[in-house]
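1. build me a model from this:
(chains A and B, ligands or ions: 2)
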Amino acid sequence: MGPELSANLAARWAELPAYLSGHVSLVAVALVIGIAVSIPIGIVSARHPRLKGPLLSFISVIQTVPSIALLALMVPILGGTIGFMPALIALTLYSMLPIVRNTITGLDGIDPALTEAAKSVGMTPRQQLVQVDLPIAAPVILAGIRTAAVWVVGTATLSTPVGAESLGNYIFAGLQTRNWTSVVFGCVFAALIAIFLDQMIRIAENAFTDRRPHTAYGVGALLLGVFLAGISVSVWERSPRTAVAGLGSLSPTIAVEEQQPLTGKRIRVGAKSFTEQYILTNLIERHLEARGADVKTLENLGSTILFDALASEEIDLYVDYTGTIWATIMKRTDVADRLTTYIEVSKYLMDTHGIAVIGRLGFENAYGFAMRRDQAQRLQIRTIPDINSAEQPLRIGADPEFFVRKEWTDVRAAYGLPNVKTRSMDSTLMYEAVRTGQVDIITAYTSDGRIAAYDLQILEDPEKVLPPYDAILLMSPKAYAVPGLADALLPLVNAITPDLMREANKIVDLDRQGTEEAGAFLWRHINRAAPVAPETTE
Amino acid sequence: MKRYNGRSVVDNVSFTVAPGEITVLIGESGCGKTTTLKMINRLIPLDAGTVMLSGRNVMEGDVVELRRSVGFVFQNYALFPHMTVAENIAVTPRLLGWEADRIAKRTAELLELVGLAMSEYGERAPAELSGGQRQRVGVARALAAEPSLILMDEPFGALDPLTRDRLQTEFLDIQKQLGFAVLLVTHDMSEALAIADQIIVLDQGRIVQKGSPSHLLAHPDSDHVKKLMSTPLRQASRIEALMQS
Ligand SMILES: Nc1ncnc2c1ncn2[C@@H]1O[C@H](COP(=O)(O)OP(=O)(O)O)[C@@H](O)[C@H]1O
Ligand SMILES: [Mg+2]
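-> Ligands and ions are numbered 1, 2, ... in the order given. Next comes the predicted model:
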């Protein structure tokens, strides 16, 4: 455990410059723009009371949109751009309310006698604003900026899914892979930034109140220095990316005829938060409801949350992947072949948790390094080590989870890849990114429908470094004991070929249909091969 | 002339402030004194009539220039709380673009003139001064850009009687020394009698009588003026009686 932990720590430290600088630049640019936009808006609305109400309610409405949704919405609004821009715009919008509101409050609170005095000594309206109104309102405005700063630092951790690098990468990746060190890194550094900004702005506020403007300017200069440092460290990494965003929704309304033997049984099926999982859940739901069960689905659970829910019998079954269990639950660091992995995973889960593996579904959803076929041919890259021979450094896009995974460390240990540039982005966006040339290589999921549709080529892995990821059906101990349930699921075992799964994924990810359609597609295929007949166990 | 909601609050008020003289506008609360004063430096726009300053109609010139050339002293001081005493005094010279040396010299000179040492008070915040000291700064600020006229709206009204008396006396000295013209608003006839060269009595937005203090004392035109005079007269006779007994 000791050397593993320190290796983990070292890896997290190594990521810090990129994530911290990414976070700081997002926060800095968002706050600077937020301040630059909000203070003038506050000034104008303080002077035009008729504007004040509508403006404040408009900004308040923005504020009520959950931050993660606001971030995600920016991607389609910007025509599919992911990365820095959508995160920046969402964070800027998010920062506006407290600054506008406090600017108005601060200016409204100025004694009218002072306004009159400013006129009487011969100030123009602009001089009055700069020399009297703003300095007097400054402590209140700064308090608004302080609130905004703390909000933005926290919300910026949610910009990972739209492809902007931030401390959120630690948190998202860590939650996916049970890497608590990573989660703690993200939280601690985000908290440190928040505390630092809060304290600095508080000092500036006090300085204004105590009429020590030089201290306030000093704090301002210090913050500017930190911001510029953050921006310059991260600026080389930034480039716009394009994405096809969107999630299917599942509204299970399936007509079923009553059959034995699960009639009336309540079965809870869990799913992780990606397309294939939603489709498989839909298929399982159809399959079990056709046998009379009352199926309840719980989707969008985090990968490790899902496993814990199964082990604690809060759900009855779900689909996981051998490689995931192998690495994140069994903490195995070696790589075995497909069958051995499957057998050892099954045995381990039964022995340690009483969890039953009903079987393999028939396809793998492994990591594969994928490149556009034409580019691969042009650069003469067929295998992962061929990447080393590229003249220009190639850009690898992957979901943030991948770069903290052992697979990535192993690939680098086996093949080097000193020259690549890594780009974290949500996995739903990376296929489009490689298709449009915003990155050169992605760590595709081998069951994804876009591999064939975009004519991507999976690079060979000659040393077999990348582990197998067979889709397997897991059941909780209690569910396994339900008579007939395990048997009822057997028709799904080995029923889904890789091509079939890719086709089903494509229906959602590319053809923009719902996961119900894709689930129905699988359902039709499986039942064409073997019509519904649960008792046919010849 | 000034109307609010169709009601005229200053009407047909016509008078001249002579150079180097102190003219006092007096009347009961709400009779239109402040309105009249603020129409002169255009804090309140006129609805009709003209204000002439050094032979020019103030409505025709630049309003900012006008205000920089006329000092204004407020009843509640209205010092800028985020500026030091010295910065408050230097405001108008700075706006006029005076050189730093000249501003520093003028500020120190004015502080001295109003009885506050630059070394002790220059860097203080207004909040760190007593009411009397604040109004000394208020007077210094109004005088900073060497105006030929200063407007004062009940400048000593918020002070205790001893402080008020001392400030009145000192202010008279300064005014005699520098020779600027003053238009001062008060509702206190004793104050008017003590400092005015000319007194203008306002009632409900109209002039009821104007003249020198001695003229008003000797020939009050109306019951209204008589009534205004009665308080200082009664006080004076009582004090006289006390002194004789
Ligand atoms: N902004 C305003 N709107 C309406 N009426 C006003 C306004 N300002 C002053 N007045 C009215 O004008 C009259 C004169 O006011 P003011 O010049 O302040 O009186 P004074 O200074 O003599 O006490 C008062 O009756 C007052 O109520
Ligand atoms: Mg008044």
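
2. what's the neighbour count on the nearest residue to A:Pro468 once chain neighbours are set aside?
-> Nearest in space to A:Pro468, with sequence neighbours left out and distances taken as Cβ to Cβ, 6 or more residues apart in numbering or on different chains, is A:Arg338 at 4.1 Å. Backbone N, C-alpha and C define where each C-beta goes, glycine included. Neighbour count of A:Arg338, defined by other Cβ atoms under 10 Å in any protein chain shown: 16.

3. kindly report the same for B:Val64.
-> So B:Val64, with other Cβ under 10 Å, has 16 neighbours.

4. touching, it and A:Pro125? I think so.
-> No - the pair B:Val64 / A:Pro125 is not scored as a contact, 9.3 Å apart, by Cβ atoms under 8 Å.

5. output the residue of the stretch 201-350 of chain A whose distance to chain B is smallest.
-> When Cβ to the nearest Cβ is the measure, the stretch 201-350 of chain A has its nearest residue to chain B at A:Arg211, with 5.9 Å between them.

6. burial of the closest residue to chain A within chain B, as a residue count?
-> In chain B, the residue found nearest to chain A is B:Arg68; the distance is 3.3 Å by Cβ to the nearest Cβ. A total of 22 residues lie near B:Arg68 under the criterion other Cβ under 10 Å.

7. ok, now which ones touch the residue most central in space within chain B?
-> Within chain B, the residue whose C-alpha comes closest to the C-alpha centroid is B:Met152; the distance, by Cα atoms, centre = their mean, is 1.9 Å. With Cβ atoms under 8 Å, 6 or more residues apart in numbering or on different chains as the criterion, the residues that contact B:Met152 are B:72-73, B:142, B:182-185.

8. just to revisit the earlier point, help me confirm that the residue nearest to A:Pro468 comes into contact with A:Ala471.
-> No - proximity of A:Arg338 to A:Ala471 does not meet the contact threshold set by Cβ under 8 Å, at 11.8 Å.

9. follow-up on the earlier one: which one is the residue of chain B closest to chain A nearest to, not counting chain neighbours?
-> Spatial nearest neighbour of B:Arg68, excluding adjacent residues (Cβ to Cβ, 6+ apart): A:Gly122 at 3.3 Å.

10. and the one you found, helix, strand or coil?
-> What DSSP: H, G, I helix; E, B strand; the rest coil gives for A:Gly122 is coil.

11. show me what contacts residue 67?
-> All of this refers to chain A. Contacts of A:Ser67 (Cβ under 8 Å, 6+ apart): A:90, A:94, A:155, A:158.

12. wait, chain B was what I had in mind.
-> If you count contacts by Cβ under 8 Å, 6+ apart, B:Arg67 has them with A:119-122, B:41-42.

13. make JSON lines from those residues and add distance to ligand 1, neighbour count and pLDDT to it.
-> Rendered in JSON lines, the data for the contacts of B:Arg67 read as follows (distance: Cβ to the nearest ligand atom, whole Å; neighbours: other Cβ atoms under 10 Å in any protein chain shown; pLDDT from 0 to 100):
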{"residue": "A:Lys119", "distance to ligand 1": "15", "neighbour count": "21", "pLDDT": "96"}
{"residue": "A:Ser120", "distance to ligand 1": "16", "neighbour count": "25", "pLDDT": "96"}
{"residue": "A:Val121", "distance to ligand 1": "21", "neighbour count": "27", "pLDDT": "95"}
{"residue": "A:Gly122", "distance to ligand 1": "22", "neighbour count": "24", "pLDDT": "94"}
{"residue": "B:Asn41", "distance to ligand 1": "14", "neighbour count": "23", "pLDDT": "91"}
{"residue": "B:Arg42", "distance to ligand 1": "15", "neighbour count": "19", "pLDDT": "93"}
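
14. can you name the residue of the stretch 401-538 of chain A nearest ligand 1?
-> Here the residue of the stretch 401-538 of chain A nearest ligand 1 is A:Asp426; by Cβ to the nearest ligand atom that distance is 59.6 Å.

15. for stretch B:172-189, C-alpha coordinates in PDB please.
-> Only the C-alpha atoms of stretch B:172-189 are listed here, as PDB (Å, rounded to 0.1, in the frame of the first residue of the first chain):
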ATOM      1  CA  LEU B 172     -16.300  87.400   9.600                       C
ATOM      2  CA  ASP B 173     -12.600  88.000  10.000                       C
ATOM      3  CA  ILE B 174     -11.700  85.700   7.100                       C
ATOM      4  CA  GLN B 175     -14.300  87.400   4.900                       C
ATOM      5  CA  LYS B 176     -13.100  90.900   5.700                       C
ATOM      6  CA  GLN B 177      -9.500  89.700   5.100                       C
ATOM      7  CA  LEU B 178     -10.200  88.100   1.700                       C
ATOM      8  CA  GLY B 179     -13.100  90.200   0.600                       C
ATOM      9  CA  PHE B 180     -15.300  87.600  -1.200                       C
ATOM     10  CA  ALA B 181     -19.000  88.000  -1.400                       C
ATOM     11  CA  VAL B 182     -21.300  85.800   0.700                       C
ATOM     12  CA  LEU B 183     -24.900  84.700   0.300                       C
ATOM     13  CA  LEU B 184     -25.800  83.000   3.500                       C
ATOM     14  CA  VAL B 185     -29.100  81.300   4.400                       C
ATOM     15  CA  THR B 186     -30.300  81.200   8.000                       C
ATOM     16  CA  HIS B 187     -33.500  81.100  10.000                       C
ATOM     17  CA  ASP B 188     -31.800  82.700  13.000                       C
ATOM     18  CA  MET B 189     -32.300  86.500  13.100                       C
END
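
16. average pLDDT across that stretch?
-> Model confidence over stretch B:172-189 averages 94 on the pLDDT scale.

17. and for stretch A:314-323?
-> Stretch A:314-323 carries an average pLDDT of 92.

18. what does it rub up against?
-> Stretch A:314-323 is contacted from outside by A:267-272, A:277, A:280-281, A:284, A:298, A:306-307, A:309-310, A:338, A:341-342, A:345, A:358, A:361, A:364-366, A:467-476, A:478-479, A:482, A:485, A:489, using Cβ under 8 Å, 6+ apart.

19. distance of whichever residue of the stretch 51-200 of chain A sits closest to chain B relative to B:Thr107?
-> Going by Cβ to the nearest Cβ, chain B is nearest to A:Gly122 of the stretch 51-200 of chain A, at 3.3 Å. Applying Cβ to Cβ, to the nearest Å, the value for A:Gly122 to B:Thr107 is 16 Å.

20. and the helix or strand bottoming out on mean pLDDT in chain B, what other elements does it pack with?
-> Among the helices and strands of chain B, strand B:2-4 carries the lowest confidence by mean pLDDT, DSSP states H and E, at a mean of 77. With contacts defined as 3 or more Cβ pairs under 8 Å, 6 or more residues apart in numbering or on different chains; DSSP states H and E, strand B:2-4 has these neighbours: strand B:7-10.

21. how far does the strand it packs on sit from its chain's centre?
-> Taking Cα atoms, centre = their mean, to the nearest Å, the mean C-alpha location of strand B:7-10 is offset from the chain mean by 22 Å.
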